[in-house]
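K.L.:
what follows is a protein structure lacking sequence information:
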Ligand code: P6P
């Protein structure tokens, strides 16, 4: 197979649109450059004083790691100067982010989590960047939060970069999901996982069982079912939970399985689940469906949700299509 870079792949896909201006390709190039810079810093984090905490808290009330502050600034600056966006949302920023003063505005809207799983940085577990791309829907002179609060079915692209044993960018523009592995010796993302398809059911489940006592009965019954011999496999599923959404999602995307972060009544911030809709659940749901999988709150398709707040949280049940369906059946029975 010829080594195909992510840029060549995007240009190939752009040929589907004869009237394409190249702006979308330009935006993706900005994201790719930001990903390479963040990857470089993640790789050397243990060697320079950017491990540890900044002493600040983000809009979520979570301690901000130096590396995720760096990732947020890198992503915001490169896209904010690139001329392709008119507004952005970041997990690390309470308010929307606009193009940097003196730089042009564009026709795209990007929501991103600059470095998800950052609590794993100091223990060298895989972490990741997640992004979703919409077109603006308001007059650019009045770009507003309405451009950000769009449904996942209106996404025109989404992806993540996982900083693990290697740095891999997984991306879709609506024509399948494809993975590209960064070759540091040439500084290019090379096509390594073409047209990813998730098995329709898996043998892995990913959930923080420490919350078991705080879940709804339907989720408790479902996890008990997975651990029994009475499930669809006729043997217990295997538990795999890294505590880093991108890492858990990436494994299940390739191998099949189910990831759950349901709502729980342990923490008032998690009565709607812990994970955020705009820059975590939506982009990953888009990729899951592009790969033949599914993503739901348990009662509603993630991509159908109309966002109402920038940082709103949702329960997330995502992965193999048949596994997600079974969770929904358990929930429906309890209603
Ligand atoms: P818990 C990381 O902080 C994160 O946002 C996701 O990456 C991850 O899936 C989840 O939280 C882990 O949360 O409550 O299991 O530690």
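P.N.:
Good, I have the coordinates. These numbers come from a predicted model, not from an experiment.

K.L.:
quick one: the helices in the stretch 151-300 of the chain?
P.N.:
217-226, 245-255, 282-290 (DSSP state H, counting those that start in this stretch).

K.L.:
any idea which of those helices is most buried?
P.N.:
helix 282-290 (a mean of 27; mean count of other C-beta atoms under 10 Å). Where C-beta positions appear, they are placed from N, C-alpha and C, glycine not excepted.

K.L.:
leaving out sequence neighbours, find the closest residue to the residue in the stretch 1-150 of the chain that the ligand sits nearest to.
P.N.:
As assessed by C-beta to the nearest ligand atom, the ligand sits closest to residue 117 within the stretch 1-150 of the chain, at 3.9 Å. With C-beta to C-beta, 6 or more residues apart in numbering as the criterion, residue 117 has its nearest non-adjacent residue at 3.0 Å, and that residue is residue 244.

K.L.:
give me the phi and psi for the one you found.
P.N.:
phi -130, psi 110 (degrees, to the nearest 10).

K.L.:
is residue 275 in contact with residue 317, as I believe?
P.N.:
No - using C-beta atoms under 8 Å, residue 275 is not in contact with residue 317, being 10.6 Å away.

K.L.:
which bits of the stretch 151-300 of the chain sit near the ligand?
P.N.:
With the criterion set to C-beta under 6 Å from any ligand atom, the stretch 151-300 of the chain comes near the ligand through 208, 243, 244, 245, 274.

K.L.:
let me see the contact set for the fourth one.
P.N.:
Taking C-beta atoms under 8 Å, 6 or more residues apart in numbering, we find residue 245 in contact with 116, 117, 128, 130, 259, 261, 275, 280, 284.

K.L.:
can you classify residue 12 as helix, strand or coil?
P.N.:
helix (DSSP: H, G, I helix; E, B strand; the rest coil).

K.L.:
can you check the pLDDT for residue 3?
P.N.:
Note on residue 3: pLDDT of 66.

K.L.:
so which of the contacts of residue 245 belong to strands?
P.N.:
Among the contacts of residue 245, the members found in strands (DSSP state E) are 116, 128, 130, 259, 261.

K.L.:
show me the contacts for the closest residue to the second one other than its chain neighbours.
P.N.:
Spelled out, that is residue 128. Once flanking residues are discounted, residue 128 sits nearest to residue 246: 2.8 Å by C-beta to C-beta, 6+ apart. Applying C-beta under 8 Å, 6+ apart, we find residue 246 in contact with 116, 117, 126, 127, 128, 129, 130, 160, 162.

K.L.:
one more pass at 7 Å, please.
P.N.:
Counting by C-beta atoms under 7 Å, 6 or more residues apart in numbering, residue 246 touches 116, 117, 127, 128, 130, 160, 162.

K.L.:
what's the pLDDT at it?
P.N.:
pLDDT recorded at residue 246 is 98.
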